[in-house]
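Participant: Fold the following and give me the result.
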Amino acid sequence: QVQLVESGGGLVQAGGSLRLSCAASGRTFSSYFMGWFRQAPGKEREFVAAISWRGGGTLYADSVKGRFTISRDNAKNTVYLQMNSLKPEDTAVYYCAADQKSLGTVVVGHSDYWGQGTQVTVSS
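Facilitator: Take a look at the predicted model:
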């Protein structure tokens, strides 16, 4: 099993930046496809970004493309989400997800493992 713990959320002004981290337990982190999702109040959870085992493949939602960057450090069992040019509509709880099956499984939200989430609030 994998346990995921997110950190790095907070309050930031529009145009600012934050870097989220997701620390994973277990020795097989490098075999997991990883992703970030978010859920705003009153809305469904939505895909943000995903990354393959070694980081060679990444996918992004259109709404964050060019502003957010997903990366991973397998030596530290950690995946990151660098968020730049933040907008008020980026306000949400951000969740980390992990799955061994495929990048597609992560993208559609069917990951086996999820973190508890970290709040990101962007003020206008």
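Participant: other SSEs contacting the helix or strand bottoming out on mean pLDDT in the chain?
Facilitator: Lowest on mean pLDDT, DSSP states H and E among the helices and strands of the chain sits helix 103-107, with a mean of 93. Judged by 3 or more CB pairs under 8 Å, 6 or more residues apart in numbering; DSSP states H and E, the packing partners of helix 103-107 are strand 33-39, strand 46-51, strand 92-99. The way it works is simple: take the backbone N, C-alpha and C, and place the C-beta from them, glycine included.
Participant: Would you pull up how far that helix lies from the middle of the chain?
Facilitator: 13 Å (CA atoms, centre = their mean, to the nearest Å).
Participant: same check, this time on stretch 24-31
Facilitator: 16 Å.
Participant: Go ahead and flag the most central residue of the chain.
Facilitator: Centroid check for the chain by CA atoms, centre = their mean gives W36 as the closest residue, at 2.3 Å.
Participant: Name the nearest residue to that one, sequence neighbours excluded.
Facilitator: V48 (4.3 Å; CB to CB, 6 or more residues apart in numbering).
Participant: Thanks again, I'm all set now.
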